[in-house]
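K.L.:
Here is the input, now give the coordinates:
(one chain, ligands or ions: 1)
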Amino acid sequence: MTPHVDPTPALERLLELQRSDMPAQGGRSLAHIYDSGMPEVTRVGSEAMAAYANSNGLDPAAFPSVVRMENEVVGFAADLLHAPASAVGTVTSSGNESLLLAVQGARDSRPEVVSPSMVVPETAHSAFHRAAHYFGVRAVVVPVGADYRPDPVDVAAAIDATTVLVVVSAPSHAHGVIDPITEIAAVAHSRRVACHVDAGLGGWVLPYAEAAGRDVRPWDFRVKGVTSMSVDTHKYAYAPKGTSVLLHRSSRLRHPQYFAAARWPGTSMLNSTTQSTRSGGPVAGAWAIIRMLGHDGYRRLAGEVFEAVDRIVEGIAKIDGLSVVAEPESTLVAVETDQSCDPFTVIDGLAARGWSVQPQMSYGNHPATIHLTVSAATLTKADDFLEALAEAAAEAVETGPIVADPDILEILDALDPNELFDVDFGSLLDAAGMAQSPGSSQLLPQRMAPVNALLDASSPEMREALWVAFLDRLAKPVRATVPPLPEG
Ligand SMILES: *Cc1c(COP(=O)(O)O)cnc(C)c1O
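P.N.:
All right, here's what the predicted structure looks like:
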C-alpha cells in the first residue's frame, strides 16, 4: 500500500515563502515582470505550464505535441516579424539563451575564422558580453552618439576579416531606442557578415504599433541583410517566464546551432538549445496565451502599453528635476535627473510608495538612469505612478543629490577587483551596505541610494566584483530543513 504523504505543509510553506517576493501582478512593478493586467491570461499560462510540467521536449518522437506547439509559436513570431517563407526558428528559455545561441551559431558558421569577433554597439544587451565570455568571440564595442544609437560608419569601420556577427537592437534595453538597422544591416550584408536584431523587448509590440499608425523605423526581416532575430515571449507576449524565440532567415543559418551526439555508448542525443531535458511547460504556457490572445488581443494590449508610455512621457516632462533620456520608440522609458537630485534617491522614494523600478548605473558618458519597463497593466495605474514619481522627485530635490561615502570609495579605489578574496569582500560588502543579516528575507537595505551611489562611483569592474561577492554570500545552502534521516 502506498503510504499517505500530506502535501499541505509543503504547499503552505511555499506560499509563505512567496510572500517575501515582489507582486507579479497589480501593475506596480515596472521591472522584471510584464503584466497583461488580464487575470485570465495569467491563469491560462499557469494551467498550461502545469499541464506540461512533466513532459520532456528532448525527444520529439515521444512528445510530438511539444514540437507542434513550438512550431506554432515560431510560426506566429515569424509572421509577426515578416520573416521570409524560408525562415526557421527555435523556442529557447530566455532572451539570454537566444542571444547566446545567435552568437554561437554565427561563430560556428564561419569555422575558417581563427579568432572570431562580433561588432556590438555599447548599448547592446549584456548577454552579448556573456556570449563573448562563453564562446571566445571577441566583442568589438562601438560607442553610441548623443541619440544613443550607433553610427553605421563606426560599425562599418569596426568590421574586419574576423567579424562573424554584427548586432543591433529594436529597441535597446537600456534606453528604449531602435538602432539604425537598415543602414547597419546593409553594411553587414555588403561585407558578407551575419546581422542579428535583438528584438527581445520590441518584437511583440512594434508590429502592432506600426499597424496602429505609429512611426516605427524599419527593424524586422523586411530589412535586407538581417539574418537572425530574437523576441522574448516572456515579455510582451505575456507568457509565463521561460521562453524566447530565435529566428533564422534560413535553415542553413540555424544548422550550426543544432548538436547531435552519437559518439558515446548512451542514447543518441539531439539538442536545439543549451538545454537537453527540456520541460514542455514554458512552451505550452506561451502557446496557450498566444492562441488565446491572437492578433486582436495583442493589438489591444499594445495599444494600452503605448498609451501608458505616452502618458508617462508627458507626465515626466512636467516633473521638476526629471527628463526622459531619449524619446522612447518602444515601451521602455529611461529617465534621468538634472543636478538638483539623483535617480537613486528617486527610486527609493518610489519603493517607499510601493513602486518597484530599477536603477541603471552611469557608464562612460551616459548618466545613471531610472529604467521603466511599461506593460499593459501599467495603464490603469499610470496616473498613480506619476503622482508617486512627482512626490519622490520633490523629496529627492529637497535632500539634494546623494554623494558616495568618500571613505569607502577611497578603499574601493585602492583595490584591484581581480585580486580580492572573499574575506576582503565580506568587510567591503558590510561597509558598502550590501550585507544581509543571516536568515533575513530582506536581502538589501530599504534605502538603496547610499549603496547605489557607491556602486555608481566605482568602476564597472568593481561593481561586477561586488555583485558577484554579494551573490556568493547569498547563495548558501540551507541545511536540515526537514526531519533528519534516521541513523541506520
Ligand atoms: C530582456 C532582454 C534581453 C534578455 O532577456 P532575458 O529573457 O532576461 O534573458 C536581451 N535583450 C533585450 C533587448 C532585452 O530586453
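K.L.:
So the residue of the chain found nearest the ligand versus residue 210, what's the distance?
P.N.:
Residue of the chain nearest the ligand, by CB to the nearest ligand atom: residue 95 (2.2 Å). Every C-beta, even on glycine, is put in place using the N, C-alpha and C of the backbone. In this view, residue 95 and residue 210 are 21 Å apart by CB to CB, to the nearest Å.
K.L.:
Residue 227 now?
P.N.:
Distance of residue 227 to residue 210, given as CB to CB: 21 Å.
K.L.:
just residue 266 next, same as before
P.N.:
Taking CB to CB, one finds residue 266 at 49 Å from residue 210.
K.L.:
Those two: which is more packed in?
P.N.:
Counted by other CB atoms under 10 Å, residue 266 and residue 210 do not tie: residue 210 has more neighbours, with 16 against 7.
K.L.:
Who are the contact partners of the more buried one?
P.N.:
Neighbouring residues of residue 210 by CB atoms under 8 Å, 6 or more residues apart in numbering: residue 216.
K.L.:
Identify the bridge partners of residue 323.
P.N.:
Assessed by DSSP bridges, residue 323 has beta-bridge partners residue 336.
K.L.:
So residue 241 versus residue 71, what's the distance?
P.N.:
Residue 241 is 21 Å from residue 71, where distance means CB to CB.
K.L.:
The ligand contacts on the stretch 51-200 of the chain?
P.N.:
Counting by CB under 6 Å from any ligand atom, the stretch 51-200 of the chain comes close to the ligand at 94-96, 99, 125, 127, 169, 173, 198, 200.
K.L.:
Excluding covalently adjacent residues, which one is nearest to residue 32?
P.N.:
Sequence neighbours aside, residue 22 is the residue nearest to residue 32 in space, at 7.1 Å (criterion: CB to CB, 6 or more residues apart in numbering).
K.L.:
Can you give me the buried ones in stretch 103-118?
P.N.:
Within stretch 103-118, the residues that count as buried by 16 or more other CB atoms under 10 Å are 103-107, 109-110, 116-118.
K.L.:
gap between the closest residue to the residue of the chain closest to the ligand other than its chain neighbours and residue 83?
P.N.:
Residue nearest to residue 95 in three dimensions, not counting chain neighbours: residue 200, with 3.9 Å by CB to CB, 6+ apart. Residue 200 sits 16 Å away from residue 83, going by CB to CB.
K.L.:
now residue 94
P.N.:
21 Å.
K.L.:
Between the two, point out the one with more neighbours.
P.N.:
Neighbours were tallied for residue 94 and for residue 83 using other CB under 10 Å; the higher tally belongs to residue 83 (24 against 19).
K.L.:
thought the more buried one was touching residue 246?
P.N.:
No. Between residue 83 and residue 246 there is no contact under CB atoms under 8 Å: 11.6 Å.
K.L.:
okay, how far is it across stretch 87-95, tip to tip?
P.N.:
Distance across stretch 87-95, first residue to last, is 19 Å (CA to CA, to the nearest Å).
K.L.:
what comes into contact with that stretch?
P.N.:
Against stretch 87-95 from outside (CB under 8 Å, 6+ apart): 70, 73-74, 77-78, 83, 98, 101, 125, 127, 198, 200, 221, 230, 232-235, 242-251, 254, 257, 272-275, 282-283, 286.
K.L.:
quick one: which of the residues you listed sit in strands?
P.N.:
198, 230, 244-248 (DSSP state E).
K.L.:
how about residue 129, what does it touch?
P.N.:
Residues near residue 129 by CB under 8 Å, 6+ apart: 120, 139.
K.L.:
Equivalent analysis for residue 185, please.
P.N.:
166, 168, 195, 197, 223-226.
K.L.:
would you turn these into a markdown table with secondary structure?
P.N.:
A markdown table is the format used below for the contacts of residue 185 (DSSP: H, G, I helix; E, B strand; the rest coil):
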| residue | secondary structure |
| --- | --- |
| 166 | strand |
| 168 | strand |
| 195 | strand |
| 197 | strand |
| 223 | coil |
| 224 | coil |
| 225 | coil |
| 226 | coil |
